[in-house]
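J.: let's see this in three dimensions:
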Amino acid sequence: MRTFRLLTVLLLLVSFATAQQKDAPKKVPDKKPAATQKTEEATQPHPEDTRAVESQANAPASPSVLAPATPNTKFDMKEVAPIVTHHSIKAASGKTLQYTATTGRMPIKDAVGNIEAEMFYVAYTLDGQEPGRRPVSFAFNGGPGSASIWLHMGALGPRKVVLQPDGWMPQAPYRLADNPYTPLDQTDIVVIDAIGTGYSRPLDTDTGKKFWGLKGDIEAFGEFIRMYISRNERWSSPLYLLGESYGTTRAAGIAGYLVDKGVAFNGVTLLSTIIDFQSVLTSRRNDEGFVYTLPTCTAIAFYHKKLPADLQQDLAKTRAEAEAFASGEYTAALAKGDTLSAAERTAIIEKLARYTGLKKEYIDQSNLRVDVEGFTSNLLIDQKLRVGRLDGRYTAPGPVSTLDQGFFDPSSAATTPPFTSVFNDYVRRELGYKVDMPYYVSVREAPYVTGLKWNWDAGDEMGFADTASALRSALVKNPYMKVLVMEGFYDLATPYYAVHYTMDHLDLTPQYHKNISYVDYESGHMLYIHTPSLEKMHKDYTNFVTVNLPQ
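T.: Got it, this is the predicted structure:
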């Protein structure tokens, strides 16, 4: 009997346990984020953030540009009247310029009028002029994700940071001085900071995602321009755009975007241009960047006296020779890939060493394809120095070691401190804009932004970021619009030869190509930090503005 009872109890317990297992909720595996197409991060070692040019900017965009864990930080969008101050300086012509500076934030609204962001700007207007006839230039740097203090305090504003004549960093504390080469003598100037940079802020972090991409950024700047010319009654003014680096990507996009909305520009200036990323990006599946970067490598090697004696005589002649080799023999050799014969390979290695100053062994190990980081790290390795990417004239030892593989740009390291320090002093003390919020030189400095990935909006039909098509559209729809391309010979971020290739492939007739002109400078990416180039830039830009005024 006891045995029977014991068996009965055991059976009941087993049944109960089995029932519990059936009724218990099943453990749901942790949900993984939905698979998304990879978007390369646009990292930024320099103010201009043109490191993005080297990254896989051609990759399709991810639906989310921020890590999911980022808190949705909110900002006060209450509109505040701008600060207005009055000043005067003496221009290079000797004429005294009396001008007004207007400093504030412009609201960017959605379709029903809700403020989604506020964009910081400083507008300089010459006193005593008729606003409806006076030209106005909208200017910005790029990044993407960079503030516009570089153009503002280095070239366009009536006050500028003091550097050494060649653009080298001076000793701290850094100083501010009048800029006799400001184009304010011929055009009013509005300098704009992208959303998330400077004092520009989105409504909140989630809303910021809308603007941190190729398309949203262009639309935000387009809306700023519409708001500015509306609020300041400048619809009848001659309008100009001036963008630097990724700012040229934006400027080309804005010209195409706004012409369809009834805003036509008299001129667009592209300073250190990148509007077709395929011509600059280097990868195992894209050789264009290697080809169109080569003449800039030659110019930098010339500057550092690393070329053979016969190539060290005349920079213009040497560059022309390098261009011909790049577009001819070098392009053909790369196109052959693994079918290139041993003899052909040896001949190309010899010529690459001749035009770059690099060792033949390194060129061979690089499979005839030396990227920007490889060139800047190896050109002066015998001196334990690296050369600048944004400006190849700059040199410095690697911050960790000579052979450290981490990216380092001496030209960025030399310009960031003086520009940042001087602007923060200037905006408060002279422009009277005194706020407690920090001025972010890069959106990546903002603590409310984590893991920012720029949304490239899939680029063109092949995946490369492109606004050359938008520029072409603007040129065709507005045959009076002129384009001025400014290029520095020592700029590896946006090589000058790549720009010529892009412009030559816009599929335009000679009639429209006449509207595109070029000026070059013996400087780098921020060509204006070199004092002689700044003086030349003033002449080139003011001439561009005045020549293209309506008759």
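
J.: where do the strands of the stretch 201-350 of the chain begin and end?
T.: Using DSSP state E, counting those that start in this stretch, the strands assigned to the stretch 201-350 of the chain run over residues 201-202, 239-245, 267-273.

J.: so which of those strands is nearest P417?
T.: Among these, the nearest to P417 by Cβ to Cβ is strand 239-245 (19.4 Å). Quick note: C-beta positions are derived from backbone N, CA and C, even for glycine.

J.: quick check: mean pLDDT across the closest one?
T.: Along strand 239-245, the predicted confidence averages to a pLDDT of 98.

J.: what are the ranges of the helices in the stretch 351-500 of the chain?
T.: Under the criterion DSSP state H, counting those that start in this stretch, helices of the stretch 351-500 of the chain are mapped to 360-365, 372-378, 410-429, 468-477, 496-504.

J.: coming back round to it: mind checking the strands of the stretch 201-350 of the chain for the one nearest to N455?
T.: Taking Cβ to Cβ as the criterion, strand 201-202 is the member of the strands of the stretch 201-350 of the chain that comes nearest to N455, at 14.0 Å.

J.: residues contacting the closest one, please?
T.: Counting contacts by Cβ atoms under 8 Å, 6 or more residues apart in numbering, the residues outside strand 201-202 that touch it are F75, E116, A117, E118, I195, G196, G208, K210, F211, M437.

J.: so which of these sit within helices?
T.: Among the contacts of strand 201-202, DSSP state H puts G208 in helices.

J.: export the contacts of strand 201-202 to a markdown table and tack on distance to E329, pLDDT and neighbour count?
T.: Below are the contacts of strand 201-202 laid out as a markdown table (distance: Cβ to Cβ, whole Å; pLDDT from 0 to 100; neighbours: other Cβ atoms under 10 Å):
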| residue | distance to E329 | pLDDT | neighbour count |
| --- | --- | --- | --- |
| F75 | 56 | 93 | 16 |
| E116 | 53 | 97 | 19 |
| A117 | 50 | 98 | 27 |
| E118 | 53 | 98 | 24 |
| I195 | 46 | 97 | 28 |
| G196 | 45 | 96 | 28 |
| G208 | 48 | 93 | 27 |
| K210 | 47 | 93 | 21 |
| F211 | 45 | 95 | 25 |
| M437 | 55 | 94 | 11 |
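
J.: and which of the contacts of strand 201-202 is nearest to G398?
T.: When the contacts of strand 201-202 are compared against G398 (criterion: Cβ to Cβ), the nearest one is G196, at 30.6 Å.

J.: hang on, the earlier thing: redo the helices of the stretch 351-500 of the chain as a markdown table? Include mean pLDDT and mean neighbour count.
T.: Supplementary listing: these in a markdown table, determined by pLDDT from 0 to 100; neighbours: other Cβ atoms under 10 Å:
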| stretch | mean pLDDT | mean neighbour count |
| --- | --- | --- |
| helix 360-365 | 97 | 15 |
| helix 372-378 | 94 | 21 |
| helix 410-429 | 89 | 20 |
| helix 468-477 | 97 | 21 |
| helix 496-504 | 97 | 22 |
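
J.: right, and those helices - which one's nearest V291?
T.: Distance to V291, taken as Cβ to Cβ, is lowest for helix 496-504 among those, at 8.1 Å.
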